[in-house]
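Novice: Pasting the sequence and the predicted model now:
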Amino acid sequence: MIEVQDIRKSFDGEEILKGISTVFPKGQTNLIIGQSGAGKTVFLKCLLGLFRPDTGKILYDGEPYSSFSDEEQRELRRQMGMVFQGGALFDSMTVEENVMFPLRMFTKQSRPTMMKRVKEVLDRVNLAEGQHKKYPVEISGGMQKRVAIARAIVNRPKYLFCDEPNSGLDPQTATVIDNLILEITREYDITTVINTHDMNSVLEIGEKIVFLQNGRLEWEGDKKVIFKTENEAVTEFVYSSDLFRKVRKAQLQGL
Amino acid sequence: MSYLQSTGEYFLMIKGVFGRMTKRSVLTNLVFKEIDDLIIGSLGIVSFISFFIGGVVAIQTALNLNNPLIPRTLIAFAARQSVILEFAPTFISIIMAGKVGSYITSSIGTMRVTQQIDALEVMGINSLNYLVLPKIIAMLTYPFVIAISMFLGIFGAYSAGVLGGFVSSQDFIRGLQEDFIAFHLVYAFVKTFLFALLLATIPSYHGYYMKGGALEVGQASTTSFVWTSVVIIITNYIVTQLLLS
């Protein structure tokens, strides 16, 4: 579980996060949604420890990050898996080497043991064996996301963070990736936080949704209540597409 | 003001490079990879340029020796002095600022743009140590490149001088040994060592701290080349003043 207490963050005098407090429970997919410029990425980077909030606290399983020593902070980082928007796979390494990288860096396992684990997670994300020796540029965007997920979970993390995991993917592949993240969250019983503005993801896996606007937490709930909320900012965001406007209209008409 | 800020940032980067260390086995592999990319990969162009510039120096010196009282051995003497003192350490380093420097800036810059550096940081890895230290260690072998350049430069001068009929082989060898000061070699390798550190760190700085996208990676490479060249030339002047004057 991750608990956020009134965090604020400014850059060059401009306040990007204006006092956000929320809780991301364990074993669920937690979504951060909002328009571009709402502060989602900065918020996620604060959760990851890449940015230090100016004020406020972030507690990981009850322990505040700021109270950790350097070694404890590094240890916490090793318990985090991150799926970046573009995958952020290392160009100079093959798929296998990318996934093995955290094991090589942080464990003393033998190569056969590491290979076994790599194969296990690549199988888990349904990546065909023929792709394992390829370089990131040789595989599709969807496959790159699968490899990124495999790399994020190979060290059995306690926290999984995903930044726009569906960007650049076709709707079908996006759904597959969403469901994969949901399954992994339940299977590994981890705290997953996903930064997205994809409404399909909200519908598929929004077990907890946090809506940010202008650096503030405007609304929180889940996929069942988001379509019923009266919050104007949320409805404006949710019903910005024709499809969802029609759904809303049908709901209001009781169809 | 921004120059001062950049200078401060550069030294903070150097401090960060020697912070938390990467696992030794991983670092060793990275160093060998960098030696291959930065050093072995540059040998071809360095050899080519050195050989022909050495030849040109010999021909130009020979064509300017109109006075019969000036011995022909001067051709070898002039080639040796210009190659060892300036051409090999400084001129080749400027070329390396273009070749190796651009490669370092663009590869680290691309990693920044594609969030690969963020990925390293999220994993709890000191990205500066992981990316820059192997390059610094690899560049410690740069004096070998300069030694090869010196040899080929003088060999180029010999080939052009002797094969072109400007000087006999015996005169060339005699000229090569004339008034040889061993300290000149020390001076050349001291500055080569300093240039190696600059060649590894200034382009790394420009790549690591770049912001933006693909276009900015290109701009960072150009800026990196300009600044590496400028700092090499200034360092060359200071070292020359300190060691030779």
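Specialist: Perfect, thanks for sending it. It should be emphasised that the depicted structure is a prediction, and the values quoted were computed from it without experimental measurement.
Novice: CA atoms for contacts and neighbours, from now on please.
Specialist: Fine.
Novice: Outline the domain layout of chain A.
Specialist: If you go by automatic domain parsing, the domain ranges for chain A are A:1-58+A:161-255, A:80-156.
Novice: mind putting those in CSV, mean pLDDT and distance to residue B:198 included?
Specialist: CSV is the format used below for these (pLDDT from 0 to 100; distance: least, Cα to Cα, whole Å):
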stretch, mean pLDDT, distance to residue B:198
domain A:1-58+A:161-255, 86, 29
domain A:80-156, 91, 25
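Novice: Which of these sits closest to residue B:29?
Specialist: The closest of the domains of chain A to residue B:29 is domain A:80-156. By Cα to Cα, the value is 11.9 Å.
Novice: Give me the distance from the closest one to the chain's centre.
Specialist: Remark: domain A:80-156 is offset 17 Å from the chain centroid, using Cα atoms, centre = their mean, to the nearest Å.
Novice: Nearest approach to chain B belongs to which of the domains of chain A?
Specialist: Closest of those to chain B is domain A:80-156, at 4.8 Å (criterion: Cα to the nearest Cα).
Novice: Can you pull the phi/psi pair for the spatially most central residue of chain B?
Specialist: Closest residue to the average C-alpha location of chain B: residue B:93 at 2.8 Å, with Cα atoms, centre = their mean. Main-chain dihedrals, residue B:93, degrees, to the nearest 10: phi -70, psi -30.
Novice: Return the distance of the longest helix anywhere in chain B from the chain's centre.
Specialist: Criterion DSSP state H: the longest helix present in chain B is helix B:214-244. Centroid displacement of helix B:214-244 relative to its chain, using Cα atoms, centre = their mean, is 10 Å.
Novice: And that helix, what's buried?
Specialist: Neighbour-count burial for helix B:214-244, counted by 16 or more other Cα atoms under 10 Å in any protein chain shown, picks out B:216-218, B:220-229, B:232-233, B:235-236, B:239.
Novice: ok, the closest residue to residue A:61 other than its chain neighbours - contacts?
Specialist: Using Cα to Cα, 6 or more residues apart in numbering or on different chains and skipping residues adjacent in sequence, the residue nearest residue A:61 is residue A:1, 5.1 Å away. Contact partners of residue A:1, counting by Cα atoms under 8 Å, 6 or more residues apart in numbering or on different chains, are A:23-26, A:60-62, A:191.
Novice: can you list the residues of chain B near chain A?
Specialist: B:22-23, B:26, B:114-116, B:118-119, B:121-124 (Cα under 8 Å from any Cα of the partner chain).
Novice: of those, buried ones?
Specialist: For the residues of chain B next to chain A, buried by 16+ other Cα under 10 Å: B:22, B:114-116, B:118-119, B:121-124.
Novice: could the residues you listed go into JSON lines alongside pLDDT?
Specialist: Below are those laid out as JSON lines (pLDDT from 0 to 100):
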{"residue": "B:22", "pLDDT": "90"}
{"residue": "B:114", "pLDDT": "91"}
{"residue": "B:115", "pLDDT": "90"}
{"residue": "B:116", "pLDDT": "93"}
{"residue": "B:118", "pLDDT": "90"}
{"residue": "B:119", "pLDDT": "91"}
{"residue": "B:121", "pLDDT": "89"}
{"residue": "B:122", "pLDDT": "87"}
{"residue": "B:123", "pLDDT": "87"}
{"residue": "B:124", "pLDDT": "86"}
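Novice: Quick check: the farthest pair among those residues?
Specialist: Spatially, the most separated pair among these is B:22 and B:114, at 21.5 Å (Cα to Cα).
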